[in-house]
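> show me how the following folds:
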Amino acid sequence: MALTETTMQEILSEYAARRQQHETERDLRVADIYRQVPEIAAIDEEIQSFGLNAMKGYLQNGRDAARSLSELRSRYEHLTTSRAELLRRNGYAPDAMEVHYTCPLCKDTGYVDYQKCSCLKQRIIRAAYDHSGLPNHLKKENRQAFNPALFSDEPYQNEVLTPRQNILNNLKVVEDAVRQIADGGCRNLLFTGTAGTGKSFLSGVMANELLALGRTVLYVGCYDLCAYFDQEHFGDRARKAPTSLSAEAIDACDLLIIDDLGAEFRTSLSYTSLFHLIDQRLQNEKSTVLSTNWWIPDLRELYDERFVSRILGGYTIVRFFGPDLRVTQARAGSSSNR
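Numbering: from 1, shown residues only. Sure, this is the predicted structure:
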């Protein structure tokens, strides 16, 4: 999993603050118990001296050191039993003097035996969702939400497959890509087709499935990405980009989804930067999904041959077609309300 170093530091700082808070709460509880039950304070004071007493007994008693240690052990057990009884009689829980960690497994360190605790893994996944840039309407899209019945099973124009058969094939491509990326591999897809044919939905499926598996995803519109490139170069004089975008986030994500390729406002700088980003991710074997409402011939009109050839040479083309589902559903809803 490749969260940015900044985000990981924020998470570990959050753990440290939580641990400190729980330890402070424990100290305050103990101070209150000592005030209410001074006998417990006296017992703890004696227990704290056991290490020194054990060493003295060993040095002074020589051959009888084992007996001395046995006596100290018996005394310790008696004191702890007495303390537990005093706590009970005064209405305190048996663990009132212990630290109540949010996660007892790792004691709020995030690690168990030098391995990430399950709580830290879940926190990282949640952070990945928070930093993914995934639009709210796509955050619930997953394999279970897929309904092929929404897609027409009637012949469409001159296509060999019906829209339903095609979207089922595309789903298989996406599921295969998810498995490959989750296993640490690289897969690059170009979603191409008209609006309302399922591109955003399958982008959401890919993003959510990978996030749930602990991989990191960054979802960004091409317009915002190009605005970011200009802002990085021109500063305040450029268009404003989303604050979540950074070179670190773009470089660290396991999957970068660039939506609406071809709808961006291009400058010579942003155009060059976009090509460089796509080329670098290909060279570094970092997975990317490009989604566009344009067909391949249209892309050749929008971008130069070098740009299009780089995509065609490194991406699996995934075609979407059929009636616009948004229009179809809107009409169905309007008819049912008549």
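
> low-confidence ranges in this structure?
Scanning the chain for pLDDT under 70 picks out 1-3, 50-69, 236-239, 241-244, 327-338.

> which residue lies closest in space to the residue nearest the centre of it, excluding its sequence neighbours?
Nearest residue to the geometric centre of the chain (CA atoms, centre = their mean): A128, 2.2 Å. The shortest distance from A128 to any non-neighbouring residue, by CB to CB, 6 or more residues apart in numbering, is to T216 (4.7 Å). In this view, the C-beta of every residue, glycine as well, is placed from N, C-alpha and C.

> that neighbour and Y228, how far apart?
Computed as CB to CB, to the nearest Å, the T216 to Y228 distance reads 18 Å.

> got it, and R89?
From R89 to Y228 the distance is 65 Å (CB to CB).

> the more surrounded of those two?
Y228 (24 against 9; other CB atoms under 10 Å).

> what helix or strand is that one on?
According to DSSP states H and E, Y228 maps onto helix 222-234.

> buried ones in that helix?
By neighbour count on 16 or more other CB atoms under 10 Å, the buried set for helix 222-234 is C222, Y223, D224, L225, C226, A227, Y228, F229, D230, Q231, E232.

> what is the nearest of those residues to H137?
Distance to H137 across the buried residues of helix 222-234 (CB to CB) is lowest for D224, with 16.6 Å.

> identify each buried residue in stretch 166-173, please.
N166, I167, N170, L171, V173.

> same question for stretch 205-224.
205-211, 215-224.

> among these, name the ones in strands.
Counted as lying in strands by DSSP state E, out of the buried residues of stretch 205-224, are V217, L218, Y219, V220, G221.

> got the phi and psi for the residue nearest to A128?
phi -100, psi 140 (degrees, to the nearest 10).

> please save the CA atoms from the helix holding Y228 in CSV.
The C-alpha coordinates for helix 222-234 follow below in CSV (Å, rounded to 0.1, in the frame of the first residue of the first chain):
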residue,chain,number,x,y,z
CYS,A,222,-8.6,16.0,-16.4
TYR,A,223,-9.6,19.6,-16.1
ASP,A,224,-8.5,19.8,-12.5
LEU,A,225,-5.3,17.9,-13.2
CYS,A,226,-4.3,20.4,-15.9
ALA,A,227,-5.2,23.2,-13.6
TYR,A,228,-2.9,21.7,-11.0
PHE,A,229,-0.1,21.6,-13.6
ASP,A,230,-0.6,25.2,-14.4
GLN,A,231,-0.9,26.2,-10.8
GLU,A,232,2.4,24.5,-9.9
HIS,A,233,4.2,26.4,-12.6
PHE,A,234,2.4,29.8,-12.6
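
> residues contacting the helix or strand where D279 lies, please?
Using DSSP H and E, D279 sits within helix 268-283. Contact with helix 268-283 is made by 188, 222, 225-227, 229-230, 233-234, 250, 256, 264, 266, 286-288, 290, 303, 306-307, 310-311, 314, as judged by CB atoms under 8 Å, 6 or more residues apart in numbering.

> what's the helix or strand following that helix packed up against?
Using DSSP H and E, the next helix or strand after helix 268-283 towards the C-terminus is strand 287-292. Counting contacts by 3 or more CB pairs under 8 Å, 6 or more residues apart in numbering; DSSP states H and E, strand 287-292 is packed against strand 188-193, helix 199-212, strand 255-259, helix 268-283.
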